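> the sequence and its predicted three-dimensional model are supplied below.
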Number of protein chains: 2
Amino acid sequence: MLRGRQTWVFPNRPTIISTATVGGPFEAEGPLAEDFDLLHGDLWLGQDSYEKAEKKMLEVACEMAVQKAGLQKQDIQFFLSGDLMNQIISSSFTARTLAVPYLGLYGACSSSMESLTLGSLIVDSGSGNYVLCGTSSHNAAAEKQYRYPTEYGSQKPPTAQWTVTGAGVALLGSKGEGPKVTSATIGRVVDMGVTDPFNMGSAMAPAAVDTITAHFRDLRISPRDYDLIATGDLGRVGHRIAVDLLKKHGLEIPEDRFTDCGILIYNQDQPVVLAGGSGCGCSATVAYGHILNRMKKGELKKVLIVATGALLSPLSYQQKESIPCIAHAVSIEYDH
Amino acid sequence: MLRGRQTWVFPNRPTIISTATVGGPFEAEGPLAEDFDLLHGDLWLGQDSYEKAEKKMLEVACEMAVQKAGLQKQDIQFFLSGDLMNQIISSSFTARTLAVPYLGLYGACSSSMESLTLGSLIVDSGSGNYVLCGTSSHNAAAEKQYRYPTEYGSQKPPTAQWTVTGAGVALLGSKGEGPKVTSATIGRVVDMGVTDPFNMGSAMAPAAVDTITAHFRDLRISPRDYDLIATGDLGRVGHRIAVDLLKKHGLEIPEDRFTDCGILIYNQDQPVVLAGGSGCGCSATVAYGHILNRMKKGELKKVLIVATGALLSPLSYQQKESIPCIAHAVSIEYDH
């Protein structure tokens, strides 16, 4: 049901009946290690390419989520997924393994909440019962495609972010016990003219702010209605910009209630992670792992996950285009 | 509303209130030239790259559809689009121009019906009124990304297809005059082990057949309920395979009611087009141009568009993977 300009309210409150998160070696060294269902000690996962390793992670995450819910693969009615790889091959090849009806998405790192939004619409409207929403990213596969293969040892500025090696999936159902998806705000593309792909957090911050302000305007609620508002992967640099921009929009979010998955996932003193985590797997693993775990423990009752995406391509960058960005926000509630 | 395993029925029958189709020089020489709203004499459209030309086509198609409906850009509530370019930049940069809430999709050449399916779900469930569903492809941009730049003059086998230079968009509304979207079948990924990207029609035919049989099984109807069933871009080779496979599944579609957009769009004696058209723009321009025009003339009352997509990437091909394929089917009815 449309509320305001760009927010869907889900009166039937689709349930996140299970989730699964898989991470890699850098995530294992981070402060949220215990929130992952499975961590890998190397980037290869026994595969012969990084791309196949990413696909493997997503496949395993899907399998685990289905298993945790006590279901079989064939109970899943729809699979919605997107990732950073050209032609989203991680998602599409996982969909081949799952062999269930599939809708491929692309919202860069906003894909996590894009799939949860559309999955919730499907469940809420009675168009499907068990809907699997997933995404993944792999540090070395992303570096190779977007920048330089990691093996080249190229230097990066401190504003750069570190692509999370991880897959996160949520299984939605029309009934059952678990956190409920209550609304979603679909973002517009915002482009403030940033052209530096080593400063993605700054590029994406205005899109996050646009969606957050739209969410509160459309639902006529205030940030205090949430125990936590977490953006996807603005990192330390983008987060500061978002705080400032929100203030300018007259929206002050208490500091202890506003965070970013890209900040949470790594320790600040971990080498190489620079301004924080990024990648589709960042918001997916932090939201479906750490944040939902906190909800299950009763520490948080109502959260807003604002997944941010930079919609550039290496080619658009080479052709001197600036970076169009987007953010999709999903509110999740859990009453025990 | 879910019917059977993978088909959504839209009781509120979203209306296609307007469409727009833009084509390039090869399409202008084809038999459907008169069905395009706008044809370009060269591949550049005054832009300085093929990729920018593709974006321009999609932008213009969106603009025309909005104008034809007597609306303004700001009346559009959601834009759903996908394309073949890495990170779907044609769609995302068009979304930047439109500045409306945007959901990026990727289903390769099935993106046309994927966006119409999800757009219809949004309108049908009361989650949006004016939803713009689009896609595009550009011959030279696709050749450069997937194969070799056209300028190299590489030879191709006769099973190869020719990527359509075109953009097609449909504007959906909850009310109004026009063809109605009545149902949609969401496809599964089917991979029969074909590895030859110059024989995409053969790779995609089994996916088309899987979705077509699912459609008739889920809705308990027969091919005779449709005046026309058109696959997206199987081309001449894939079409023959689809006919044979359907027969094996006990589903015989009368020859005069079964066609393929990739066959329709070019004359068989046009040079270079080989086995027929392909690309996201193929099913989009043929369906939203030629086929809907025939419906408006009263020649067709009920059609099923089965957009087919090959979900490979150049990298998955280089890593010796076979080609996962998918097809999404949408039924459209028009009673005068």
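Structure received.
> residues of the stretch 101-250 of chain A that sit close to chain B?
Selection of the stretch 101-250 of chain A residues close to chain B by Cβ under 8 Å from any Cβ of the partner chain yields A:101-108, A:114, A:117-118, A:121-122, A:124-129, A:186-189, A:191. (Glycine included, C-beta is placed from N, CA and C.)
> in the stretch 1-150 of chain A, which spans are helices?
For the stretch 1-150 of chain A, the helices defined by DSSP state H, counting those that start in this stretch occupy A:25-28, A:50-68, A:89-98, A:111-124, A:139-146.
> what's the neighbour count on residue A:298?
Counted by other Cβ atoms under 10 Å in any protein chain shown, the residues lying close to residue A:298 total 10.
> how is it assigned, secondary-structure-wise?
Reducing the assignment at residue A:298 to three states with DSSP: H, G, I helix; E, B strand; the rest coil gives coil.
> please name the nearest non-neighbouring residue to it.
Once flanking residues are discounted, residue A:298 sits nearest to residue A:336: 5.8 Å by Cβ to Cβ, 6 or more residues apart in numbering or on different chains.
> go through the helices of the stretch 1-150 of chain A and name the closest to residue A:215.
Nearest to residue A:215 among the helices of the stretch 1-150 of chain A is helix A:111-124 (11.6 Å), distances taken as Cβ to Cβ.
> can you select the buried ones among the residues of the stretch 101-250 of chain A next to chain B for me in ChimeraX?
Of these, the buried ones can be selected in ChimeraX as follows, counting by 16 or more other Cβ atoms under 10 Å in any protein chain shown:
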select /A:101,102,103,104,105,106,107,108,114,117,118,121,122,124,125,127,128,129,186,187,188,189,191
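> select from the residues of the stretch 101-250 of chain A next to chain B every entry located in strands.
A:102, A:103, A:104 (DSSP state E).
> with distance to residue A:247 and pLDDT added, can I get the residues you listed in CSV?
Putting these into CSV (distance: Cβ to Cβ, whole Å; pLDDT from 0 to 100) gives the following:
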residue, distance to residue A:247, pLDDT
A:102, 42, 98
A:103, 38, 98
A:104, 38, 98
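> ok, so of the residues you listed, who is nearest chain B?
For chain B, the nearest member of those is residue A:104. The distance, counting by Cβ to the nearest Cβ, is 4.4 Å.
> the closest one and residue A:82 touch, don't they?
Yes - using Cβ atoms under 8 Å, residue A:104 is in contact with residue A:82, at 6.4 Å.
> tilt between the helix or strand where residue A:204 lies and helix A:111-124?
Element membership for residue A:204, per DSSP states H and E: helix A:200-219. Here helix A:200-219 points in a direction 30 degrees away from that of helix A:111-124 (axes from the mean of the first three to the mean of the last three Cα atoms, to 10 degrees).
> gap between helix A:200-219 and the chain center?
15 Å (Cα atoms, centre = their mean, to the nearest Å).
> any chance you could map the helices in the stretch 151-300 of chain A?
Along the stretch 151-300 of chain A, counting by DSSP H, counting those that start in this stretch, helices occupy A:200-219, A:235-248, A:261-264, A:280-285, A:292-296.
> looking at those helices, which is buried most?
helix A:280-285 (a mean of 37; mean count of other Cβ atoms under 10 Å in any protein chain shown).
> contacts for that helix, please.
Contacts with helix A:280-285, where a contact means Cβ atoms under 8 Å, 6 or more residues apart in numbering or on different chains, come from A:21-23, A:27, A:32, A:35-36, A:57, A:82-84, A:108-113, A:134-138, A:163-169, A:230-233, A:261-262, A:265, A:305, A:307-308.
> domain parsing for chain A?
Per the record, chain A has its domains at A:11-173, A:180-333, by automatic domain parsing.
> out of these, flag the one nearest residue B:247.
Here domain A:11-173 is closest among those (Cβ to Cβ), at 23.5 Å.
> before we move on, back to that, reformat the domains of chain A as a markdown table; add distance to residue B:142.
Formatted as a markdown table, those follow (distance: least, Cβ to Cβ, whole Å):
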| stretch | distance to residue B:142 |
| --- | --- |
| domain A:11-173 | 12 |
| domain A:180-333 | 13 |
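> quick one: which of those domains is nearest residue B:14?
From the domains of chain A, taking Cβ to Cβ, the stretch that ends up closest is domain A:11-173, at 12.8 Å.
> and that closest one, end to end?
Separation of the first and last residues of domain A:11-173 by Cα to Cα, to the nearest Å is 14 Å.
> now do stretch A:279-290
One end of stretch A:279-290 to the other measures 17 Å (Cα to Cα).
> again, but for stretch A:247-257
15 Å.
> now it: average pLDDT?
Computed over stretch A:247-257, the mean pLDDT rounds to 95.
> what residues of it count as buried?
A:253, A:257.
> ok, now which ones touch the closest residue to residue A:217 other than its chain neighbours?
Once flanking residues are discounted, residue A:217 sits nearest to residue A:4: 6.2 Å by Cβ to Cβ, 6+ apart. By Cβ under 8 Å, 6+ apart, the contact list for residue A:4 reads A:214, A:217, A:218, A:219, A:220.
> if we can go back for a sec, the helix holding residue A:204 - contacts with which helices or strands?
Counting contacts by 3 or more Cβ pairs under 8 Å, 6 or more residues apart in numbering or on different chains; DSSP states H and E, helix A:200-219 is packed against strand A:7-9, strand A:180-185, helix A:235-248, strand A:302-310, strand A:325-333.
> what about 6 Å?
strand A:180-185, helix A:235-248, strand A:302-310, strand A:325-333 (3 or more Cβ pairs under 6 Å, 6 or more residues apart in numbering or on different chains; DSSP states H and E).
> re the thing from before, what's the overlap in contacts for residue A:104 and residue A:82?
Residues within reach of residue A:104 and of residue A:82 at once, by Cβ atoms under 6 Å, 6 or more residues apart in numbering or on different chains, are A:88, A:91.
> what about residue A:37, distance to residue B:7?
Note on residue A:37: its distance to residue B:7, by Cβ to Cβ, to the nearest Å, is 33 Å.
> how about JSON lines for the helices of the stretch 1-150 of chain A, with mean pLDDT added?
Below are the helices of the stretch 1-150 of chain A laid out as JSON lines (pLDDT from 0 to 100):
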{"stretch": "helix A:25-28", "mean pLDDT": "98"}
{"stretch": "helix A:50-68", "mean pLDDT": "98"}
{"stretch": "helix A:89-98", "mean pLDDT": "98"}
{"stretch": "helix A:111-124", "mean pLDDT": "98"}
{"stretch": "helix A:139-146", "mean pLDDT": "96"}
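> among the ones you listed, which is the most enclosed?
Ranked by average neighbour count under the criterion mean count of other Cβ under 10 Å, the helices of the stretch 1-150 of chain A are headed by helix A:111-124 at a mean of 30.
> tabulate the CA atom coordinates of stretch A:296-312 in CSV.
Output in CSV follows, covering the C-alpha atoms of stretch A:296-312 (Å, rounded to 0.1, in the frame of the first residue of the first chain):
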residue,chain,number,x,y,z
LYS,A,296,16.1,-11.4,18.8
LYS,A,297,17.9,-10.7,22.0
GLY,A,298,15.4,-7.9,22.7
GLU,A,299,18.0,-5.1,22.5
LEU,A,300,16.2,-3.5,19.5
LYS,A,301,12.5,-3.4,18.7
LYS,A,302,12.3,-1.3,15.6
VAL,A,303,15.1,-0.7,13.1
LEU,A,304,15.4,1.0,9.7
ILE,A,305,18.0,-0.4,7.3
VAL,A,306,19.0,2.1,4.6
ALA,A,307,21.0,0.2,2.0
THR,A,308,23.0,2.5,-0.2
GLY,A,309,24.2,1.9,-3.8
ALA,A,310,26.6,3.6,-6.2
LEU,A,311,25.3,2.9,-9.7
LEU,A,312,28.4,3.6,-11.6
